[in-house]
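quick one: sequence and predicted model below, then my questions.
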Amino acid sequence: MYLSKWDPLLEDKRDSPLALVWVSLKHIPFFLTNAQSLFSIVKTLGKPIQMDETTSRGGYLFSARVLVEMDASKPKQPAILVRTPAWDREIHLTYDLPSYCITCGRWGHCCKKSQPVGKVLTGGATLVGANNEHSSPLNYLALLSTVEDIDTPGTPGLKELHYGMPYHIGPLAYIHGSLEEILTASTALTNTKGTAILAITQWRILENAWKLAISFTSILQEDIFLGVGNEAMGSFGADWTIFLATNRCWIGLAVYNSLCLKLRISSIKDDLGLNIEGDSNIASHAIDYYTKIYSEESVSINPELLSYIPKNINEGDNQMLCAVPQEEEIRGAIWDLNSHSAPGPDGYTGTFFKTFWHIVHEEVTRATQEFFLGLPILKSYGATLLTLIPKMDNPKSLGDYRPISLSTFLSKINTKILANRLGALLHKLISPEQSGFQPGKGVEENILLTQEMIHCLDNPSGSANIAIKVDFAKAFDRISWQFLEVTLNSFGFSSQSCHLLLSTLKATHFSILINGSPHGFFKMKRGVKQGDPLSPLLFILGNEGLSRMIKGKVEEGYLKAIQTGRSQPPSHLAYADDIIFFLNGHFINLIRFKGIIDCFLNSSGHMINLNKSHFYTGPRVKPEIKANMQRALQMGEGKLPLNYLGATIGKANAQIYSQHVEQEDAELSMGIQRGKA
């Protein structure tokens, strides 16, 4: 600061060099992208003010942006070296800073300095004269970066550059820049000789740049790509043809493409049945709804339920699960993931990681190994988008949507590695009655067995048999993490293994996508993520306690299974959360079954959806016996045929077949329309 007595003749035209500058930090580890770490790093540049919104919610991958009050008159550091006892890391910096003239102390100005004669290219080559062809080797990357125009005697200026300058660089790569840059360069692009034009990114705008053309319209009317090689124009023509064809297909398939508009949520009903409209109001309701869904609720875990779980995991299994992965295993997990699955908040898909693996493999390997070493997990890693997929036509409330998690691809790499390792142990853990999410198992066997068991419901030689189809409400979203952890411990998983298996869930923060825009940022406190590679395996492990307790009680004689004759039938069949039980229909037997189900519900956090849960029995069962069944189970009777795993179980009538035909016709018509598109 300069202090002096004011004088009318005093005129200080110097601007203060202090400015608020957005600084981007590249190649920064995840665990350094929190506010405390970032502010400590950028203190060397100036006074840190704040992080941008995307950095705060973890939207960037290996980068961050911080607002810093800094002195523009000082040289800008290109990088900062961060040193820890374990490693050194160079963090590269870029600045969103306007030009500041150190000579006269003014913003947006740069005093001219003595420059060498000639056209200077930052690649190191010099073009001398106006009619010479450059014949020495060129640094193409430098040419595509910067060209400084120098108006000095004997050197062509910007307007004269195209005359007699036949340099042959190669095929057209790209042209980009601000509108001023493109308009200023339009004269140079016209009549350019050769097979290509040079893509220039940083041309200095002359003071008379806007005088190069009479009007904006005249520039647009000119063929500024005159002289561009056939290869580049051919590629452009092909792209334009594809665009026109796509546009015609879209118009021609208006009925099919109108389905996209149906996915838009224009209104929704709340718990009271009131209609909510407007994206902001719908988003507020969705945030409240899913915050409640994923909020922790107290559970009372019954030790008897855990007593039926065998300790099948040994020390070697735990070591295999917790081992730090090497690059080959990490690469294999990436190639196993779907390249085109919807991206998370960071915007990266598997295509990026597979295409540029030769560039990012070291960073990705290091980040994955840091996760398995137990380093702190940041919000950027667990930030997840919830997209709402309708379960039915014309959904009315949020309960009619299925929340699918769009996680960061880096988190899916870690969970895919864990899923692959855990998958090798499933044969020790999962009962044969459960066939979901396991290699080599599908729904076919469950459907056939269920069909056979339904035929045995009408048993004239003994007491009534019963099939009970139980539907857990929001099963994937409600399961307790505390219950999952004690279940894993009961199987023999170590505390370190449990921490790894659950750490991604515990680090998750959700934002809800409403009509394409994210809203909210709240923490997940229970449930598993639909769309994550590891979550289905954790879910079936959590339900294993119920499966083993039911089977154990039948073997002990406490619970009686369905009576089919000499063979021992299965007491239940399960595919993920679709479970159907086959039991003796005696009142006392059903009371005992209801007690086991309540024990599981209180321990796991699950809740039965009574509107979708029903029991089924034979047609010759007396009404008073059916009434006792309903009183014992506290659920209604269903009518055969029933729908199980997408198949019709039981004798179907003409109406059922007609509905199937209509559904198949609709799907076939949709497939034909997709093929035309």
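Perfect, I can see it now.

before we move on, which element is Arg592 in?
Assessed by DSSP states H and E, Arg592 sits inside helix 587-604.

does anything pack onto that helix? Which helices or strands?
Contacts defined by 3 or more Cβ pairs under 8 Å, 6 or more residues apart in numbering; DSSP states H and E place helix 587-604 against helix 303-307, strand 465-470, helix 544-556, strand 578-584, helix 623-633. For glycine as for every other residue, the C-beta is placed from the backbone atoms N, C-alpha and C.

gap between the last one and the chain center?
Okay, so that is helix 623-633. Relative to the centre of its chain, helix 623-633 is centred 47 Å away, using Cα atoms, centre = their mean, to the nearest Å.

over to the first one?
A distance of 37 Å separates the C-alpha centroid of helix 303-307 from that of its chain, computed with Cα atoms, centre = their mean.

next secondary structure element downstream of it?
Assignment by DSSP H and E places the next element after helix 303-307 at helix 315-322.

any idea of the mean pLDDT in the following helix or strand past that next one?
As assigned by DSSP H and E, the chain's next helix or strand after helix 315-322 is helix 327-336. Taken as a whole, helix 327-336 carries a mean pLDDT of 96.

re earlier: so what touches the helix holding Arg592?
With Cβ atoms under 8 Å, 6 or more residues apart in numbering as the contact definition, helix 587-604 has outside contacts at 299-302, 304-305, 466, 468, 470, 479-480, 483, 542-543, 545-546, 549-550, 553, 558-560, 581, 583, 606-608, 628-629, 631-634.

ok, now stretch 323-330?
Ala333, His361, Val364, Thr365, Thr368, Gln369, Phe372, Leu373, Ile413, Ile417.

phi, psi of the nearest residue to Leu97 once chain neighbours are set aside?
For Leu97, ignoring the flanking residues on the chain, the nearest one in space by Cβ to Cβ, 6 or more residues apart in numbering is Val21 at 4.8 Å. Backbone torsions of Val21, given as degrees, to the nearest 10, read phi -120, psi 130.

how near is Lys529 to Tyr644?
26 Å (Cβ to Cβ, to the nearest Å).

quick one: which of these two has more around it?
A direct count of neighbours by other Cβ atoms under 10 Å for Lys529 and Tyr644 places Lys529 higher, at 27 against 21.

quick one: the more buried one from Thr504, how far?
Distance from Lys529 to Thr504, by Cβ to Cβ: 8 Å.

what do those two both touch?
With Cβ under 8 Å, 6+ apart, Lys529 and Thr504 have common neighbours Ser407.

pretty sure Met51 sits against Ala35.
Yes. In this structure Met51 lies within contact range of Ala35 using Cβ atoms under 8 Å: 6.1 Å.

got the contact list for Ile49?
Per Cβ under 8 Å, 6+ apart, neighbours of Ile49: Leu20, Val66, Leu67, Val68, Glu69.

in a strand, it, correct?
Yes. Inclusion of Ile49 in a strand is indicated when DSSP: H, G, I helix; E, B strand; the rest coil is applied.

begin at 341, not 1, for the rest of this chat.
In the new numbering, first residue 341, that becomes Ile389.

looking at the helices and strands packed on helix 927-944, which is buried most?
strand 805-810 (a mean of 24; mean count of other Cβ atoms under 10 Å).

output the helix or strand just after it as PDB, nothing but the C-alphas.
As assigned by DSSP H and E, the chain's next helix or strand after strand 805-810 is helix 815-818. Output of helix 815-818 as PDB, limited to C-alpha atoms (Å, rounded to 0.1, in the frame of the first residue of the first chain):
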ATOM      1  CA  ALA A 815     -36.100 -55.000   0.700                       C
ATOM      2  CA  PHE A 816     -32.900 -53.700  -0.800                       C
ATOM      3  CA  ASP A 817     -33.300 -50.300   0.900                       C
ATOM      4  CA  ARG A 818     -34.300 -51.300   4.400                       C
END
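
identify the residues contacting helix 815-818?
With Cβ under 8 Å, 6+ apart as the test, helix 815-818 has contacts from 633-634, 743, 812, 866-870, 875, 879, 916-917, 945-947.

for it, the distance to its chain's centre please.
Per Cα atoms, centre = their mean, the centroid offset for helix 815-818 relative to its chain is 19 Å.

quick one: mean pLDDT over the next helix or strand after it.
Note on helix 815-818: by DSSP H and E, the next helix or strand toward the C-terminus is helix 821-831. In this model, helix 821-831 has an average pLDDT of 97.

what lies in contact with helix 821-831?
Helix 821-831 is contacted from outside by 636, 639, 641, 646, 649-653, 769, 835, 837-838, 841-842, 845-846, 865-866, 878, 881-882, 884-885, 943-945, using Cβ under 8 Å, 6+ apart.

of the residues you listed, keep whichever come out buried.
When neighbours are counted using 16 or more other Cβ atoms under 10 Å, those contain these buried positions: 639, 641, 646, 649, 653, 769, 837-838, 841-842, 845, 865-866, 878, 881-882, 884-885, 943-945.

give me the low-pLDDT residue ranges for the stretch 341-490 of the chain?
341-353, 425, 449-490 (pLDDT under 70).

how many residues are close by Lys736?
12.

wait, it touches Asp611, no?
No. Assessed by Cβ under 8 Å, Lys736 is found out of contact with Asp611, at 11.9 Å.

quick one: pLDDT of Gln791?
Gln791 is assigned a pLDDT of 90 by the prediction.

ignoring the adjacent residues along the chain, who's closest to Gln791?
Among residues not flanking Gln791 along the chain, Ile989 sits closest, at 5.5 Å (Cβ to Cβ, 6+ apart).

I'm done for today, thanks for sticking with me.
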